[in-house]
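Chemist: build me a structure from this.
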Amino acid sequence: QAPIKATCEDMSCKTGFPEDVHSAVVSRSVHGGQPLLNVKFRSCDGNKKIHFGSSEPEDFRVGEDGVVYAERSFQLSAEPTEFVVSAQDKETQEEWQMRVKLTPEPAFAGASEKDQKKIEDIIFPWQQYKYSSPLKRQKRDWVIPPINLPENSRGPFPQELVRIRSDRDKSLSLRYSVTGPGADQPPTGIFIINPISGQLSVTKPLDREQIASFHLRAHAVDVNGNQVENPIDIVINVIDMNDNRPEFLHQVWNGTVPEGSKPGTYVMTVTAIDADDPNAQNGMLRYRILSQAPSSPSPNMFTINNETGDIITVAAGLDREKVQQYTLIIQATDMEGNPTYGLSNTATAVITVTDVNDNPPEFTAMTFYGEVPENRVDVIVANLTVTDKDQPHTPAWNAMYRMTGGDPTGRFTILTDPNSNDGLVTVVKPIDFETNRMFVLTVAAENQVPLAKGIQHPPQSTATVSITVIDVNESPYFVPNPKLVRQEEGLLAGSMLTTFTAQDPDRYMQQTSLRYSKLSDPANWLKIDPVNGQITTTAVLDRESIYVQNNMYNATFLASDNGIPPMSGTGTLQIYLLDINDNAPQVNPKEATTCETLQPNAINITAVDPDIDPNAGPFAFELPDTPASIKRNWTIVRISGDHAQLSLRIRFLEAGIYDVPIVITDSGNPHASSTSVLKVKVCQCDINGDCTDVDRIVGTGLGTGAIIAILLCIIILLILVLMFVVWMKRRDKERQAKQLLIDPEDDVRDNILKYDEEGGGEEDQDYDLSQLQQPDTVEPDAIKPVGIRRLDERPIHAEPQYPVRSAAPHPGDIGDFINEGLKAADNDPTAPPYDSLLVFDYEGSGSTAGSLSSLNSSSSGGEQDYDYLNDWGPRFKKLADMYGGGDD
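Modeler: Residues are numbered from 1 along each chain as shown. Purely as a prediction, here's the structure:
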């Protein structure tokens, strides 16, 4: 790696390139965007705007600063590459040219060990220093050849690469540095430089598969940080090593090939990639087939293009019916397939032999049989079975059936069962046993796709189908159906109308004659003879009946045979009724209103006739001769064929209701006339011709039905109110009864009034004796109100006043308080004979109230005087008799 040297002869200033031919040595592998060299253009006045160009713009591009860049990545040939660099003045269009010759550097592998260990110096190009004389010659810049460094180097590290130095390091103290990815930019720290000596080193092994090249820039500054030299570009290319195995894109590759394919038929392409340099032997792959399974009919049915990976057939005999799938083991090796130095990997190629239609369908029998009842459709009469050796449920296996003869009228079709591939012979048109008793069909079987070239249909692809028609009892049919009969209306009952008979299509069955019956006769006008089908009337035929529509009357009859099973058919008889003049015209409307005076008093009337032309209008209108008042008071004028106008003849007619007879005659032959009565209400009218009589006002009172409904509603409402009141009173009584009825478990009196039991002593009593034990601690608000009584007993007299203890009574007053309470209880007729506060059988332990025995007694036993019991009231009378009655 020697520095590039270029010289230029001393000469006076002349605008243009300093030399006609410029030579440079660059690496053999050129990458797109890589700077290659720097051409120098001299401008004497320094103001020219120069544009650089290249004669090979698709390969090389010249920047505005004169640096030549590669436009794309390519390999330089062994011979020098030449092209022309041009410079053009943008103002004067003056142009200069220089020829550039690029020579590839010698291969790194060919350098001697001594040369590889030699550390080259990279010297900054000369430049005009800012303090030097302007007349000093300036040497053009050059481009440093790339530094090639193998990947995965084992060191030792840091490993010295080159030394950067400047010619000014003899007179100035300089500092060197490098910038760019790999130095001060991520990934940082890969390349370092000694700032004093300019020694550039690599600190760790490189991986070309991660970064193929590094573009660094070297700088030289003085101790003050001032730039001394222009930065120079250093390109470090990582030389590829064979450290990656080929990798297939898929471990299993799937392909198909039609059976019977000729040798050379393309099957599929397998692809492997190698992370190493694809332009070097390390990344150049070669493919080969290691094994084939199965090996029939030949162990080498396929071959592979060792460079592209295309798999093709090399032998004939692919038959899906024998071998449906082949499995190939494919090997990819780098180093152009060198088995000694190359790295290998394998993948599996699965080749499926696809089916082609090389086997025609064949019938399992030459003749098939079937039968079908007559007049049946959509019935499968025969099942045709075929065999086909092709792959099931494919177009080459799916059968299609075609009738080639025996069915000129198209009464049969053959459908294919998609699951079994059988042919289903189906009837699509009714078959008459009396016409055809048997069919013999010729059927051919084909596939959905044509047979492969050279394959013919065998005789087994055609079969015969024999179908027998079974006679069944068919329904009789009327002829004609429907049958039209024209008849004048008014035909009397019992008249013969027509004969309506049916035919039996079963000519070969032993059956009796047909029987007839009536199925539908809306007006009940007809009857039919059950044997001969003669139809007679049972009522007069009337065209004006509601059952006649558009002069047509329809009746339906039934014909039945006695076959097995019995069958019947229907027929419709249509009677077209011709009109006769059997209806007289009538007036419409039947009621009218007019005024008392002559004007306005016209009444428009219409004649209505159920008959039709010529037995209807135009009509003649006239008034009868009797009574005479009709013609005297009224007059009638016909205004059209169906309409007339009735009006007063006299100037004034008293208000009232009048019956006006009108004679209307139609145009029939003979004529038919009738006298219709028109009820006319004559009233007083206002200026608009509207009646103003009170009599004409229709009563607006409620009808009887409405009044009855209202009364029923009122009665129902009263009953509901009465039921609610009764229910409320009953509920109040139940509440009162519940208050008097107390559950025995909740009745305190029942729990307390047990006179035949003394109890367990004072320890057995659960009384609140706090007032007797601690009278000094009783709170004022805890004192019971006046008149304490049982809550479950309602008093019927005024409550007596019970004494109230003071908030803090003296202990000596307890006796007085009890005596006063006793007197109040004796005079209280509502109080029970007990009270929780009137319990004297417990003195208490250490009670501040003292012993109750010291209140009225100073002795005990027989010396006690019980005469005071007589003073305690009637409740203690029995006790006074027992103890206070003296010695007895």
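Chemist: is the spatially most central residue of the chain in a helix, a strand, or coil?
Modeler: With distances taken as CA atoms, centre = their mean, the chain has residue 418 as the residue nearest its mean C-alpha position (32.4 Å). Taking DSSP: H, G, I helix; E, B strand; the rest coil as the rule, one finds residue 418 in the coil state.
Chemist: under the pLDDT cut-off, which ranges of the chain? List them.
Modeler: Within the chain, the stretches falling below the threshold (pLDDT under 70) are 1-12, 46-47, 106-143, 508-512, 599-601, 693-703, 738-812, 829-864, 884-888.
Chemist: just to revisit the earlier point, got the contact list for the residue nearest to the centre of the chain?
Modeler: By CB atoms under 8 Å, 6 or more residues apart in numbering, residue 418 lies in contact with 393, 398. For every residue, glycine as well, the C-beta is placed using N, CA and C.
Chemist: please shift the residue numbers so they start at 417 in all later answers.
Modeler: Sure, I'll start numbering at 417, so the last one becomes residue 834.
Chemist: make sure residue 1240 is indeed in a helix.
Modeler: Yes. Under three-state DSSP, residue 1240 sits within a helix.
Chemist: burial count for residue 662?
Modeler: Neighbour count for residue 662, taken as other CB atoms under 10 Å: 24.
Chemist: separation between it and residue 481?
Modeler: Summarising the geometry, the distance separating residue 662 from residue 481, computed by CB to CB, to the nearest Å, is 43 Å.
Chemist: what do you get for residue 651?
Modeler: From residue 651 over to residue 481 the distance is 17 Å, taken as CB to CB.
Chemist: the more surrounded of those two?
Modeler: It is residue 651, of residue 651 and residue 481, that has more neighbours when counted by other CB under 10 Å, with 20 against 9.
Chemist: confirm that the more buried one sits in a strand.
Modeler: Yes. Assessed with three-state DSSP, residue 651 lies in a strand.
Chemist: which strand residues bridge it?
Modeler: residue 631 (DSSP bridges).
Chemist: and it, what is it in contact with?
Modeler: 450-451, 560, 562-563, 629-632.
Chemist: quick one: which of these is nearest to residue 974?
Modeler: Closest to residue 974 out of these is residue 629 (105.9 Å), distances taken as CB to CB.
Chemist: what residues are up against that closest one?
Modeler: Shown in contact with residue 629 (CB under 8 Å, 6+ apart): 447, 450, 562, 651-654.
Chemist: tell me where the stretch 1017-1166 of the chain has strands.
Modeler: Chain-ordered strands for the stretch 1017-1166 of the chain, with DSSP state E, counting those that start in this stretch as the definition, fall at 1019-1024, 1036-1038, 1050-1054, 1059-1064, 1072-1081, 1089-1099.
Chemist: distance check, the nearest residue to residue 599 once chain neighbours are set aside against residue 648.
Modeler: Across the structure, with CB to CB, 6 or more residues apart in numbering as the measure, the residue nearest residue 599 apart from its sequence neighbours is residue 607 (5.0 Å). Counting by CB to CB, the separation of residue 607 from residue 648 is 14 Å.
Chemist: compare the two (neighbour count), which wins?
Modeler: Taking neighbours as other CB under 10 Å, residue 607 and residue 648 compare with residue 607 leading, 25 against 22.
Chemist: any chance of the contacts of residue 651 in JSON lines, with distance to residue 1088 too?
Modeler: As requested, those are arranged in JSON lines below (distance: CB to CB, whole Å):
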{"residue": "450", "distance to residue 1088": "124"}
{"residue": "451", "distance to residue 1088": "127"}
{"residue": "560", "distance to residue 1088": "136"}
{"residue": "562", "distance to residue 1088": "131"}
{"residue": "563", "distance to residue 1088": "135"}
{"residue": "629", "distance to residue 1088": "125"}
{"residue": "630", "distance to residue 1088": "128"}
{"residue": "631", "distance to residue 1088": "126"}
{"residue": "632", "distance to residue 1088": "131"}
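Chemist: and which of these is nearest to residue 738?
Modeler: With CB to CB as the yardstick, the closest approach to residue 738 among the contacts of residue 651 comes from residue 629, at 56.7 Å.
Chemist: returning to that earlier point: turn the contacts of residue 629 into CSV, columns for distance to residue 865.
Modeler: Listed next are the contacts of residue 629 as CSV, based on distance: CB to CB, whole Å:
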residue, distance to residue 865
447, 55
450, 59
562, 63
651, 63
652, 64
653, 60
654, 58
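Chemist: please name the residues that touch residue 838.
Modeler: Residue 838 makes contact with 799-802, 832, according to CB under 8 Å, 6+ apart.
Chemist: also residue 436?
Modeler: 514-515.
Chemist: separation between it and residue 1048?
Modeler: 150 Å.
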